[in-house]
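>>> quick check, what structure comes out for this input:
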Amino acid sequence: MTRLLVARDVKRDYHMGGGGGLVHAVRGVSLDVDDGDYLAVVGPSGCGKSTLLNLIGGIDRPSSGSIEISGERVDTMRDADATRFRLLRVGFVFQRFYLMPALTALENVELPLAEAKVARKERVARARELLAYVGLAARLDHRPTQLSGGEQQRVAIARALANRPRLLLADEPTGELDAHTGAEMISLLGQVNGDGTTIVVVTHDEDLARAAKRVVHMRDGVVVDDRRQDGS
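Numbers count the residues shown, from 1 in each chain. The predicted model follows:
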C-alpha cells in the first residue's frame, strides 16, 4: 500500500490576544494515511481535530513538525505553491457548503477547474459528469437557494472532486443535515472512497465514524486511540 500522508510530531500553538497566553491546539500528532484509506477523526469540541485537518490541507501551518502529502512537504511550501497544491491535489468539504450563491450548481463545480486553467468545454463536461455522479444531473442550472441542504452538500463534494484530488478532507460534512440526508451523504462518501479517493473526515457523527475504515480519537490536542474498524 502506498503511503499518501505522513505527519510527524505536528504541533500548533496560538497566541491569544488580551493576555490570554498560549493555546496548544495540537500537541505533537504523528499520523500515517495510506492511499485509498478512509479515516475519521473524532473527539470532543476543542480537541484540535479541525485544526489538524487544516494543517494537513495546508490551510494553516504547524508551529513545528512536518506534513508530507505524496512525498511533498506541505508545511514548508510558499503560499502560492500551497494554494496551487490544494487546488490540484486536495479536495475540501465543509459543514456549511460555501457555495457561490449567484452561480448555478454547474458553475460552482466549474470554479476550481477554471482556476486550474482547464478549457471551458472540458470543464463543463467534467462538471456535468460530477453532478451526475453525485445524483444531481437534473439540477445543473439551480442556484444554491433552490437546492436543499443535502443537495448543496452534494454540489460541494462534486466541486471538491473537480480536479481529481487524491485526498479529500471533510470537516463535519453531515453537521448541517438531518438524519436521513446525513445517511445519504455517508453513502456518497463511501462511494467516493470506494472509487479510489483517500478520505480524512472530522466528525461528531457516530454513523459517519462507523462508516470509515479507521477511527482516530483525539483529546486535548493529542491522538489517544487509533484503530481500524476491524479491530486492528
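
>>> gap between the helix or strand harbouring residue 193 and the chain center?
Assigning secondary structure by DSSP states H and E places residue 193 in helix 179-194. Distance, stretch centre to chain centre, for helix 179-194: 14 Å (CA atoms, centre = their mean, to the nearest Å).

>>> show me how far the helix or strand just after it is from its chain's centre.
Helices and strands here follow DSSP H and E; after helix 179-194, the next one along the chain is strand 198-202. The gap between the average C-alpha position of strand 198-202 and the chain average comes to 6 Å, counting by CA atoms, centre = their mean.

>>> what is the helix holding residue 193 packed up against?
Taking 3 or more CB pairs under 8 Å, 6 or more residues apart in numbering; DSSP states H and E as the contact definition, the neighbouring helices and strands of helix 179-194 are strand 38-42, helix 149-160, strand 198-202, helix 206-211. From N, CA and C alone the C-beta is placed, and that goes for glycine too.

>>> what comes into contact with it?
Contact with helix 179-194 is made by 36, 38, 134-135, 148-150, 153-154, 157, 161, 168, 170, 173-174, 177, 199, 201, 205, 207-208, 211, 213, as judged by CB atoms under 8 Å, 6 or more residues apart in numbering.

>>> how about a cut-off of 7 Å?
For helix 179-194, the external contacting residues (CB atoms under 7 Å, 6 or more residues apart in numbering) are 38, 134, 149-150, 153-154, 157, 168, 173-174, 177, 199, 205, 207-208, 211.

>>> do stretch 34-51 as well
Contacts made with stretch 34-51 from outside it, assessed by CB under 7 Å, 6+ apart, are listed as 1-4, 12, 25-26, 33, 52, 60, 166, 171, 193, 196, 198-203, 208-209, 212-221.

>>> list buried residues within the contacts of helix 179-194.
By neighbour count, with 16 or more other CB atoms under 10 Å, the contacts of helix 179-194 hold 38, 134, 149-150, 153-154, 157, 168, 173-174, 177, 199, 205, 208, 211 as buried.

>>> on that earlier part again, need the helices and strands packed on helix 179-194 in TSV (columns: mean pLDDT).
Listed next are these as TSV, based on pLDDT from 0 to 100:
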stretch	mean pLDDT
strand 38-42	97
helix 149-160	96
strand 198-202	97
helix 206-211	95
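
>>> compare these and give me the one nearest residue 67.
The closest approach between residue 67 and any of those, judged by CB to CB, belongs to strand 198-202 at 11.9 Å.

>>> that closest one pairs with which strands, parallel or anti?
In its sheet, strand 198-202 lies beside strand 38-42 (parallel), strand 167-171 (parallel), with partners assigned from DSSP bridges.
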